[in-house]
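In: only geometry, no sequence info:
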């Protein structure tokens, strides 16, 4: 009987996750040189003209500065963003491949638990990184998670 997923696919998905993580580390280190994670309110005076004179947080102002003033900053931000999406999607597909082929059974159940732990941590880190710029998109994400937590019957109330 022919296998649906050849064995080398699992290794390929692991490599996709590994190299996405390497890109995340390198671009994340670069972005930390320019990002100021502060909620102090300042009056924005930067290259993005529609927001000049508007009160924003330092985090949002530094995000705009990275996007418009730092050479290649928007490219690095987008590389970081897409590497995070690819890494989490690769981990999820990798875990589904193991689930549907049944390779999570003994003697690999510890690896299965490590994989799910890594997936949950990757999703949590993605959410934290998503919330850092302090823009409307991150605020919407925070409100969604707050509503999801509040909707849990015993914990939310």
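Out: Nice, I can see it. As the structure is a prediction and not an experimental result, all values here were calculated from the model.

In: secondary structure class for residue 45?
Out: coil (DSSP: H, G, I helix; E, B strand; the rest coil).

In: close enough to count as contact, it and residue 52?
Out: Yes - counting by C-beta atoms under 8 Å, residue 45 touches residue 52, with 6.1 Å between them. For every residue, glycine as well, the C-beta is placed using N, CA and C.

In: Longest helix of this structure, counting residues only.
Out: Scanning the chain for the helix with the most residues, using DSSP state H, yields helix 73-101.

In: where in the protein is pLDDT low?
Out: Low-confidence segments of the chain, defined by pLDDT under 70: 1-11.

In: And the strands in it, which stretches?
Out: Ranges of strands in the chain, per DSSP state E, are 41-43, 55-57.

In: quick one: residue 134 and residue 64 touch, right?
Out: No - counting by C-beta under 8 Å, residue 134 does not reach residue 64; the two are 10.7 Å apart.

In: and for those two, which residues touch both?
Out: Shared contacts of residue 134 and residue 64 (C-beta atoms under 8 Å, 6 or more residues apart in numbering): residue 56.

In: which residues touch the most centrally placed residue in the chain?
Out: By C-alpha atoms, centre = their mean, the chain has its centre lying nearest to residue 126, at 2.6 Å. Neighbouring residues of residue 126 by C-beta under 8 Å, 6+ apart: 84-85, 88.

In: Most neighbours of all the residues you listed, which one?
Out: Within the contacts of residue 126, most neighbours by other C-beta atoms under 10 Å means residue 84, with 22 neighbours.

In: So the residue nearest to that one when sequence neighbours are not counted versus residue 51, what's the distance?
Out: Spatially, and ignoring its direct neighbours in sequence, residue 84 is nearest to residue 126 (5.2 Å; C-beta to C-beta, 6 or more residues apart in numbering). Remark: distance between residue 126 and residue 51 (C-beta to C-beta, to the nearest Å) = 26 Å.
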